[in-house]
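Peer 1: Have a look; sequence and predicted model below, questions after that.
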Amino acid sequence: KPSLPVVIATWHVPNATAKAMEILQNNGNVLDAVEQGCMVEEADIKNSTVGKGGLPDRDGNVTLDACVMDKNGNCGSVVYLQNITHAVSVARKVMEDTPHVMLAGEGAKQFAISKGFQAENLLTESSKKAWEEWKIKSEYKPIINIENHDTIGMLAMDKNGDISGACTTSGLAYKMGGRVGDSPIIGSGLFVDNQVGACVATGLGEEVVKTVGSFLVVELLRQGKSPQQACEEAILRIVNKPNSNYKNFQVGYIAMNKKGETGSYAIHQWFSMTKFQDEKNEQIQSDYFLKK
Ligand code: SD4
């Protein structure tokens, strides 16, 4: 039987999983754990796909998407949020302090400011420079290389077996102005059903949305699939779509079931998850569809 608590996150984010585990080991709340875990990456200006330091859209605006979902099936989300580093915390406030699930753009920003968040410039010197270099060619189609996908999605289970999840991103670099991805869409970028399990996605959000990926994975868990099998089937759903050009993009899923078992799967090589359990905070290379 897997020992609890357990924390998993997309990509290599050991500082984030360590923060979440510290909270759980001190008997903290599982929603606090995933929120504060994600905040570590949001605050890291070297992480160019999340929060401050995230790469901008093609007009030079950094716009953030984030959501949270708790053990009671409550959720909150922000889309196209500008000038606020901790989008995941604003999403939590939407869940807790409003009658709504999603706030977008200027409304989301004004709400955040009313809750005491500081407005700041999220475009760092280095992301500004990267954007200026991108503008020289201005390739309209976002290039999906694997290093580009550092959306942080985190799932955690406390020692009572209760699950929460969170997801935060600056979205695809050089996306069109106004573009929103899967990450703040409940059921696509993230889904938690505390009776069954949870899933979070990374990669090309459009493809995740088209298959309602995270909800699909959780429903497969409900049918008795393991987290590994459920992630694999959800990736196959994308790959097997008519005319799918899956060779040109990445999608990765990580999932956890009610026993605390975990799994991950991606289209391309080099997706990984960070897993913290039993004092071990390790990077696990994910299995993938496109074997040479
Ligand atoms: C999106 N899923 O906005 C995100 C992209 C991602 O790091 O994973 N970016 O489509």
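Peer 2: Noted; the coordinates are in hand.
Peer 1: rest of the way, CA atoms for contacts and neighbours
Peer 2: OK.
Peer 1: which non-adjacent residue is nearest Met256?
Peer 2: Thr262 (4.3 Å; Cα to Cα, 6 or more residues apart in numbering).
Peer 1: What about the chain, which residue is the most distant from its middle?
Peer 2: Relative to the centre of the chain, the most outlying C-alpha is that of Ile136, 30.0 Å out, by Cα atoms, centre = their mean.
Peer 1: Around the ligand, pick out the residues from the stretch 101-250 of the chain.
Peer 2: Taking Cα under 6 Å from any ligand atom as the contact definition, the stretch 101-250 of the chain meets the ligand at 148-151, 169, 171-172, 181-183, 202-205.
Peer 1: got the CA positions of stretch 60-75 in PDB?
Peer 2: What follows is stretch 60-75, C-alpha atoms only, in PDB (Å, rounded to 0.1, in the frame of the first residue of the first chain):
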ATOM      1  CA  GLY A  60       4.700  41.200 -25.200                       C
ATOM      2  CA  ASN A  61       2.000  40.700 -22.500                       C
ATOM      3  CA  VAL A  62       2.500  38.100 -19.800                       C
ATOM      4  CA  THR A  63      -0.900  36.500 -19.300                       C
ATOM      5  CA  LEU A  64      -1.500  33.800 -16.700                       C
ATOM      6  CA  ASP A  65      -4.000  30.900 -16.400                       C
ATOM      7  CA  ALA A  66      -4.400  28.900 -13.100                       C
ATOM      8  CA  CYS A  67      -6.900  26.900 -11.200                       C
ATOM      9  CA  VAL A  68      -7.400  24.900  -8.000                       C
ATOM     10  CA  MET A  69      -9.800  22.100  -7.000                       C
ATOM     11  CA  ASP A  70     -10.300  20.800  -3.500                       C
ATOM     12  CA  LYS A  71     -11.400  17.600  -1.800                       C
ATOM     13  CA  ASN A  72     -15.000  18.800  -1.700                       C
ATOM     14  CA  GLY A  73     -15.200  19.300  -5.500                       C
ATOM     15  CA  ASN A  74     -15.000  23.100  -5.200                       C
ATOM     16  CA  CYS A  75     -13.000  24.800  -7.800                       C
END
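Peer 1: Is that stretch in proximity to the ligand?
Peer 2: No. Legend: contact between stretch 60-75 and the ligand by Cα under 6 Å from any ligand atom is lacking; minimum distance shown is 7.4 Å.
Peer 1: circling back to that earlier point, residues contacting the residue nearest to Met256?
Peer 2: Contact analysis of Thr262 by Cα atoms under 8 Å, 6 or more residues apart in numbering lists Pro227, Gln228, Ile254, Ala255, Met256.
Peer 1: give me phi/psi at it?
Peer 2: Note on Thr262: its backbone torsions stand at phi -130, psi 160 [degrees, to the nearest 10].
Peer 1: before we move on, what about Arg179?
Peer 2: Main-chain torsions, Arg179, degrees, to the nearest 10: phi -70, psi 140.
Peer 1: excluding its backbone neighbours, what's nearest it?
Peer 2: Tyr80 is the one closest to Arg179 (Cα to Cα, 6+ apart), at 7.6 Å.
Peer 1: So the one you found versus the ligand, what's the distance?
Peer 2: 10 Å (Cα to the nearest ligand atom, to the nearest Å).
Peer 1: swap in Asp32?
Peer 2: Shown here: Asp32 relative to the ligand, a distance of 22 Å by Cα to the nearest ligand atom.
Peer 1: Backbone dihedrals for the residue nearest to Arg179, please?
Peer 2: Main-chain dihedrals, Tyr80, degrees, to the nearest 10: phi 50, psi 50.
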